[in-house]
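Enquirer: Could you work out the structure for the sequence below:
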Amino acid sequence: MEVEVKLVGGLECCFVSLPLSLIQTLQSTYPGGFLPPVISLELRSRSGQSWHVAWSGSASRSSAIESNC
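Expert: A predicted model of the protein is given here:
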């Protein structure tokens, strides 16, 4: 699954766009389909680099969920 990660402001901050299909899969694992207020994910790039993402809301104009990480 492809995830877009962009740096914003500086190296200590980035912005990640999670595909809607990933959010729907996560929702299906929670009772009632509601995600908790904060979700922690570990994403890996093709080169093996890992990104730790804490999702705490969403703002999107696309079919993806966008969050600060």
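
Enquirer: Sketch out the low-pLDDT regions of this protein for me.
Expert: 1-17, 37-38, 54-69 (pLDDT under 70).

Enquirer: swap the cut-off to 50 and go again
Expert: The model of the chain has no residue with pLDDT under 50.

Enquirer: So S47: helix, strand or coil?
Expert: Secondary structure for S47, judged by DSSP: H, G, I helix; E, B strand; the rest coil, is coil.

Enquirer: what are the phi and psi angles of it?
Expert: In terms of degrees, to the nearest 10, the main-chain angles of S47 are phi -80, psi 0.

Enquirer: How about S45?
Expert: Dihedral angles phi and psi of S45 (degrees, to the nearest 10) take the values phi -80, psi 170.

Enquirer: which non-adjacent residue is nearest it?
Expert: W51 (7.3 Å; Cβ to Cβ, 6 or more residues apart in numbering). The way it works is simple: take the backbone N, C-alpha and C, and place the C-beta from them, glycine included.

Enquirer: Then P36?
Expert: Counting by Cβ to Cβ, 6+ apart, P36 lies nearest to Y30, which is 7.3 Å off, once chain neighbours are set aside.
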